[in-house]
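Q: Here is a sequence with its predicted model. Questions after.
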Amino acid sequence: MTDLVLVQTHEAADGSLIGHLTLNSERSLNALSLAMVDALFSQLTAWQQDERIQCVLLDGAGDKAFCAGGDIRAMYDACVEKPGQRVAEVEEFFTKEYRLDHLIHVYQKPIVLWGSGIVMGGGVGLMAGASHRVVTETTRMAMPEVSIGLFPDVGGTYFLNRMPGQCGRFLGMTGYQMNAKDACYVGLADFAFGSDRRTQLLDDLKGLNWQSEQSSQLLVSQLLKGYQDLDSGKLPDTVLGAEQARIDGIFGGDSLDALVERVAQTTSDDKWLSRALATMLAGSPITWHLVWDQLKQSTLNLEQVFQYELTLAVRCAEMGDFIEGVRALLIDKDRSPNWRFANAQSVPAAHIDAMVTPPWSSHPLQQLSKEA
């Protein structure tokens, strides 16, 4: 069986080692399975303790995608066996995925993440915490969970709250696909340059003097900034930055019902906006409410964010729209989901209160801050 995560080490000119992890499921656009999550966590943990490893490069097989998200088909299969119940397989996957995402956020060595091609859902989760996040002219980044009755997880509560203006609400509720400079604008990427530098990047990392007095973080930053300075004019400009005022006008305010009404009444000849708003309106009203709640959690630290999101993820499978959303989009592919509630106003406050209430007396991620 082919390894789902390729593990390599490359010797640098000064004898140091660069760890190289490649998501290796090209047919599924490198969608994250539980086995891949386990492999990544195990190897990153080992390399953090290995003094020879100076830097980690994380990428995906092929040119189409870094990672298109989690393996939601596998979770769907587990959920349909236990409708309306907590599902152990779902709990295990999200617990381990969030633990991996947290490890990347607190990792002590540079992680260069090659975010070229499709980067969505769980792929954004891997990317968000990396120290050196690279995007290219082929990058298509999104949190599209509204279409499957989930919510923008994998740390979304943390990074959506730190975006300019109302970009967090906009991205969380619409699944808008960002280009490279959009990702940089909202703080999900650090360096944007041409995808043709992929081979050069590894060669140049091997050529760095890792034993110099400069920190390894700074060495990598200087290298990547050099590429960006050369290629900046070749990449499309940010749409989100140019359209910030319009986004804020639609997605601002303190009423979800009013926001949905504005979205429904907004017409635009701009495809980026009309497509995003249509996606939201076709999405799960429960997800709208969950995103609304997420954007109220700006004071949570990283560990608290993942604990909060694990509760939401488990509840989405148990009492949300996840099963129906996946059925309509990926299983039957009729794109006609029968959501539990027809609109935002019909979602009872008690239902959302139940979804944000942890089902455990002892939280599976309560030790997260001690695992770094």
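A: Now that the structure is in, tell me what you want to look at.
Q: what about the strands in this structure?
A: 5-11, 17-23, 53-60, 65-67, 111-115, 118-120, 132-135, 140-142, 191-192 (DSSP state E).
Q: Can you list phi and psi of the residue of the chain most remote from its centre for me?
A: Distance from the C-alpha centroid of the chain, by CA atoms, centre = their mean, peaks at residue 14 (34.7 Å). With angles defined as degrees, to the nearest 10, residue 14 sits at phi -90, psi 10.
Q: For it, give its distance to residue 158.
A: 36 Å (CB to CB, to the nearest Å). C-beta coordinates here come from the backbone N, C-alpha and C atoms, glycine included.
Q: In the stretch 251-372 of the chain, where is pLDDT below threshold?
A: The stretch 251-372 of the chain contains residues with pLDDT under 70 at 370-372.
Q: mind listing the helices for it?
A: 256-265, 271-282, 285-294, 302-319, 322-326, 349-355 (DSSP state H, counting those that start in this stretch).
Q: now the ones you listed in CSV, with distance to residue 165?
A: What follows is these, written out as CSV (distance: least, CB to CB, whole Å):
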stretch, distance to residue 165
helix 256-265, 14
helix 271-282, 15
helix 285-294, 15
helix 302-319, 21
helix 322-326, 28
helix 349-355, 25
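Q: Now mean neighbour count and distance to residue 115 too, for those, in a markdown table please.
A: Converted to a markdown table, the helices of the stretch 251-372 of the chain look like this (neighbours: other CB atoms under 10 Å; distance: least, CB to CB, whole Å):
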| stretch | mean neighbour count | distance to residue 115 |
| --- | --- | --- |
| helix 256-265 | 15 | 28 |
| helix 271-282 | 17 | 20 |
| helix 285-294 | 24 | 22 |
| helix 302-319 | 23 | 20 |
| helix 322-326 | 23 | 25 |
| helix 349-355 | 13 | 31 |
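Q: Those helices: which one's closest to residue 209?
A: Closest to residue 209 of these, according to CB to CB: helix 302-319, at 32.4 Å.
Q: Near the closest residue in space to residue 190 that isn't next to it in sequence, how many other residues are there?
A: Spatial nearest neighbour of residue 190, chain neighbours left out: residue 133 (4.8 Å); criterion: CB to CB, 6 or more residues apart in numbering. Using other CB atoms under 10 Å, residue 133 is surrounded by 25 other residues.
Q: quick one: residue 133 from residue 115, how far?
A: 6 Å.
Q: And residue 149, by the same measure?
A: Residue 149 is 26 Å from residue 115, by CB to CB.
Q: Between these two, which has more neighbouring residues?
A: More crowded of residue 149 and residue 115, by other CB under 10 Å: residue 115, with 31 against 27.
Q: In this structure that one contacts residue 189, no?
A: Yes: counting by CB atoms under 8 Å, residue 189 is a contact partner of residue 115 at 6.3 Å.
Q: contacting residues for the nearest residue to residue 143 once chain neighbours are set aside?
A: Using CB to CB, 6+ apart and skipping the chain neighbours, the partner closest in space to residue 143 is residue 152 (3.9 Å). If a contact means CB atoms under 8 Å, 6 or more residues apart in numbering, then residue 152 has 143, 145, 160, 171, 172, 291, 294 as its contacts.
Q: so how far is residue 174 from residue 152?
A: In terms of CB to CB, residue 152 sits 10 Å off from residue 174.
Q: picking up where we left off before, quick check, pLDDT for the residue farthest from the centre of the chain.
A: Looking at residue 14, its pLDDT is 94.
Q: And residue 86, by the same measure?
A: Residue 86 is given a pLDDT of 88.
Q: how much space between it and residue 94?
A: Taking CB to CB, one finds residue 86 at 12 Å from residue 94.
Q: Name the residue in those two with the higher neighbour count.
A: The neighbour comparison of residue 86 against residue 94 (other CB under 10 Å) goes to residue 94, with 27 against 14.
Q: give the contact list for the spatially closest residue to the more buried one that is not a sequence neighbour.
A: Spatial nearest neighbour of residue 94, chain neighbours left out: residue 313 (4.3 Å); criterion: CB to CB, 6+ apart. When contacts are counted by CB under 8 Å, 6+ apart, residue 313 touches 90, 94, 150, 151, 153.
Q: What is the burial count for the fourth one?
A: Residue 151: 30 surrounding residues under other CB under 10 Å.
Q: let's number from 24 now, not from 1
A: From this message on, residue numbering opens at 24, which makes the last subject residue 174.
Q: who touches the residue nearest to it when sequence neighbours are not counted in this structure?
A: Nearest residue to residue 174, sequence neighbours excluded (CB to CB, 6+ apart): residue 313, at 4.2 Å. Counting by CB under 8 Å, 6+ apart, residue 313 makes contact with 174, 335, 339, 343, 375, 378.
Q: How about residue 135?
A: 78, 79, 80, 81, 153, 154, 155, 157, 224, 228, 243, 247.
Q: Next one: residue 216, what pLDDT does it get?
A: Residue 216 is given a pLDDT of 98.
Q: correct me, but it touches residue 249?
A: No: between residue 216 and residue 249 there is no contact under CB under 8 Å: 9.0 Å.
Q: Name the residue in the two with the higher neighbour count.
A: A direct count of neighbours by other CB under 10 Å for residue 216 and residue 249 places residue 216 higher, at 23 against 13.
Q: burial measure for residue 77, as a count.
A: Residue 77: 22 neighbours (other CB under 10 Å).
Q: contacting residues around residue 42?
A: 30, 31, 32, 66, 70, 76, 78, 79, 80.
Q: farthest pair in the residues you listed?
A: 30 and 78 (14.8 Å).
Q: Good, we can wrap up now.
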